[in-house]
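# Attaching a predicted model along with its sequence, questions to come.
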Amino acid sequence: MHRFFLLAAILGAVALSAQSLNWEGQTGVFITPLAYTAASPNHGFGEPIFAYHFLDAGPVLGYFHQASVTAGVLGRIEFGYTRTIHGDGDTAGLSPLWTSGFNTVHAKVNLVPENVAKKKWFPAISTGFVARTQVRNVGGVIADKDTSNGDLYVVASKTVTQVKHLPLVFNLGYKGTNASVFGLAGNAPGFTGRAFGAAAFVLKGPAKSTLIFGSEFAQQPRGVQNLPGAIVPTTITYAARLVPLAEHSKFNVDFGVAQAAGQIEPGVNLLARHQFALGISYGL
């Protein structure tokens, strides 16, 4: 029994990291990056990981589809590309503020490996960036031009195996950003520091599967460029990850509920407070 839970912890860490991409294509949970990087050898490139994510953002924002590819290199680095494709909402006056989509490029470097120097309490620590181009949502539509935004972040992640029968994963980071809701609400008025984090636990599922349940938060810049008076809340998700065959964790499926934005100013309700999200990742 002890061996099973140790194995579950290891597989859970793999499922949360090496083969699982988040909303923007980073190794991560659903919306936040982990300090782990995509699997790769110490002297070369790893196999690419492909992912698709879907968010039903409601009648105002519409639908968002994310297609991502990410690869690891040298055992400590990952980089990738994501294309956001948008389906229009149907709310007169507000939905036209969201347009066709935009590009996202990201990279991450692991600075300190987990359990460095045999210290079992020490987390993995990484730094990375996200750059988004052709962003026209909200502020870009109002100004009638493409815009760009980005993030710079540092993140620490720890998989705890000492808790009997319940492997745990903790994640905490800090980023500087001028994006509003990862670019889905366009740009923020300026570059500002915001915190993000997640916690999850790992369980054995039916038919040799692994189940991971967790929640995460990502603070957002309070304002939106060219939309004076708007106040954007912290984004929160509740997610479950299924690895159908734990011993072959190249494929996994994420299900989530996202709390993005509701009443952002008097008379403006984005109706995106309890939205369904889906993610699928597959590593070659």
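Perfect, I can see it now. Numbering: from 1, shown residues only.

# got the residue ranges for the helices in the stretch 1-150 of the chain?
According to DSSP state H, counting those that start in this stretch, the stretch 1-150 of the chain carries its helices in the segments 2-16, 58-61, 139-143.

# Just the buried positions in the second one, please.
By neighbour count on 16 or more other Cβ atoms under 10 Å, the buried set for helix 58-61 is Gly58, Val60, Leu61. Where C-beta positions appear, they are placed from N, C-alpha and C, glycine not excepted.

# The last one too?
Of the residues in helix 139-143, those buried by neighbour count under the rule 16+ other Cβ under 10 Å are Gly139, Gly140, Val141.

# Same check on stretch 168-177?
For stretch 168-177, by 16+ other Cβ under 10 Å, it's Leu168, Val169, Asn171, Leu172, Gly173, Lys175, Thr177.

# which ones are touching the third one?
Okay, so that is Asn171. Residues in contact with Asn171 (Cβ atoms under 8 Å, 6 or more residues apart in numbering) are Val29, Thr32, Leu34, Ala35, Val155, Ala156, Ser157, Lys158, Gly197, Ala198, Ala199, Glu216.

# Just the buried residues of the residues you listed.
Looking at the contacts of Asn171 with 16+ other Cβ under 10 Å, the buried ones turn out to be Val29, Thr32, Leu34, Ala35, Val155, Ala156, Ser157, Lys158, Gly197, Ala198, Glu216.

# got the buried residues for the longest strand belonging to the chain?
Determined from DSSP state E, the single longest strand within the chain is strand 187-204. Neighbour counts over strand 187-204 (16+ other Cβ under 10 Å) mark Asn187, Ala188, Pro189, Arg194, Phe196, Gly197, Ala198, Ala200, Val202, Lys204 as buried.

# Out of the residues you listed, which comes closest to Ser281?
Ala200 (15.4 Å; Cβ to Cβ).

# what residue ranges in the stretch 1-150 of the chain are flagged as low confidence?
For the stretch 1-150 of the chain, the stretches with pLDDT under 70 are 1-19.

# so which of the buried residues of strand 187-204 comes closest to Glu265?
Pro189 (14.0 Å).
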